[in-house]
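[1] A predicted structure for the sequence below; I have some questions about it.
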Amino acid sequence: MRSPRRKATPKVVGGKVQRKNRVDLSPAYWRVPPGQVVVERLRPGPGHRHILRKSDVETFIGLLPDWDELSKGLRAVLLAPGEGNTDGWCDNGIVAVCAWERELWQKLKIAHVKAHADLLSRLDVRIVRRHDSLGAYDELQWTEPQIRAYQLLHILLHELGHHHDRMTTRSQRAAARGEGYAETYARKYEEVIWSRYLETFDLH
């Protein structure tokens, strides 16, 4: 059963519940030999598209320090279908980054934007305060390179943080320390590899 732990973005969608594009995990992922990690790009699903390519993930993994330790117990990194407000997920040795909505720009809750202000500033994402009948929200005017950086430097690292949490518990069955641990893990590694990222990927 898929873990309920997810990296979620509280999007402003006029109070409507967003459709989720569920996929069954291929049995092949559970047969991956120890020490090997599959990187796979699945169909993005209706209304979504992948900004990331497999090669982006493979190149990014090469930038991570301690990958031999981090990849223990890791079976696959998936570019998964979009799931409404879900940015990524982690499930028993599989981590996923979900496809982006076809519209690049996002309407997000102000509190969420403030919580990620450091990274958004670093990526130079343009943020415009808007208002509608439900109140104020922030419009993030992303470019594709900025989204790529956000998904690699924050979403993927966050989900890898959940995996690391699970693998460093005694049972290695559950990510016991939750969202706070994964978020701290992501922010720590953002700092560590930022300069390497800029040397490898284009932000413009």
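    Received the coordinates, thanks. Numbering: from 1, shown residues only.
[2] From now on I want contacts and neighbour counts done on CA atoms only, so please keep to that.
    Fine.
[3] What is the end-to-end distance of stretch 105-112?
    End-to-end distance of stretch 105-112 (CA to CA, to the nearest Å): 15 Å.
[4] Now do that stretch, average pLDDT.
    For stretch 105-112, the mean per-residue pLDDT is 94.
[5] Could you list the low-confidence segments of the protein?
    Low-confidence segments of the chain, defined by pLDDT under 70, span residues 1-35, 169-178.
[6] In contact with residue 188, which residues?
    Not one residue lies near residue 188 by CA atoms under 8 Å, 6 or more residues apart in numbering.
[7] Likewise for residue 197?
    Applying CA under 8 Å, 6+ apart, one finds that residue 197 lies in contact with 60, 63.
[8] Could I get the phi/psi values of the spatially most central residue of the chain?
    Note on the chain: the residue nearest the mean C-alpha position is residue 155, at 2.3 Å, using CA atoms, centre = their mean. Geometry field for residue 155 lists phi and psi as phi -70, psi -50, criterion degrees, to the nearest 10.
[9] Tell me how far it lies from residue 98.
    Separation of residue 155 from residue 98 (CA to CA) stands at 9 Å.
[10] What of residue 184?
    Taking CA to CA as the measure, residue 184 falls 20 Å from residue 98.
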